[in-house]
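>>> following is a predicted model, sequence given first.
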Amino acid sequence: MNLTKSDKDLESHLYLNDGNETQKKLFHDLEAWKILKSLHGFKPTVVGTIPLGIDLPNSDVDILTKFNLPSHLVKICYAKFRNFENFHLEEKNLHGEPTILVKFKTKWFHYEIFGQKVEPTLQDGFIHMKVEERILNIAPRSFRDKILELKKAGMKTEPAFSKLLGLSGDPYKQILELAHATDTELKQLISNEKKEI
């Protein structure tokens with residue numbers, strides 16, 4: 001059973017060590033390579049499907065960070081992670097926000113570090129995860145199973161939730177908008193769940 005975690009719990013990552021097999025393996029990988037410790041000045045926050053227990057074997061580990069100056073994060077990531085396999089660092093502008101994207105892999109996981117000037121708990125990736133966590137905690141187990149079926153068929157996480165809930169339009173925006181929904185409103189959406197996937 002997944003228990004609802006506070007933002008503080010999710011920011012700390014320690015809950016992973018009490019989770020399922022993949023979550024425990026991730027906790028030990030993060031500790032072994034000191035990945036979050038290397039990013040401690042940037043408020044690193046693990047998000048995505050692994051914390052929610054709806055990951056697939058090829059799921060990435062997403063880490064949100066906040067920087068004051070992009071160059072500071074670039075310098076640290078290059079110094080700490082450049083020797084990892086498949087290291088790639090990219091600076092881009094995303095929706096008007098200067099953004100740093102860093103990818104690399106260890107033996108067990110593919111990592112993607114996402115940095116902006118925005119607090120991690122206010123970034124879209126964190127909000128998506130919190131909304132999805134609420135839905136999974138309210139919905140019957142069969143809903144989680146259907147999400148996994150859709151993901152195994154190649155669908156991304158937010159589109160899978162959006163499809164099952166019968167939402168139209170951009171699934172990433174639709175899930176963001178559910179951040180303000182009450183539990184009653186979420187239950188109503190879940191009860192109208194699309195029966196065919």
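Thanks, I have the structure now.

>>> C-alpha only now, for contacts and for neighbours.
Noted.

>>> I'd like to know how far the residue nearest in space to the middle of the chain sits from Phe114.
Nearest residue to the geometric centre of the chain (CA atoms, centre = their mean): Gly48, 1.9 Å. Using CA to CA, to the nearest Å, Gly48 is found at 12 Å from Phe114.

>>> which neighbours do those two share?
Counting by CA atoms under 8 Å, 6 or more residues apart in numbering, the shared contacts of Gly48 and Phe114 are Asp62.

>>> can you count the residues close to His88?
Neighbours of His88 under the rule other CA atoms under 10 Å: 15.

>>> now do the host helix or strand of it: which elements does it pack against?
Following DSSP states H and E, one finds His88 within strand 85-94. Secondary-structure packing of strand 85-94 (3 or more CA pairs under 8 Å, 6 or more residues apart in numbering; DSSP states H and E): helix 70-81, strand 97-105.

>>> Gly48 contacts Val61, doesn't it?
Yes. Applying CA atoms under 8 Å as the test, Gly48 and Val61 come out as touching, 6.8 Å apart.

>>> right, and Asp18 touches Phe27 too?
No. If you go by CA under 8 Å, Asp18 and Phe27 don't touch, sitting 9.3 Å apart.

>>> looking at these two, which is more packed in?
Legend: neighbour count by other CA under 10 Å for Asp18 and Phe27, higher for Phe27 (18 against 10).
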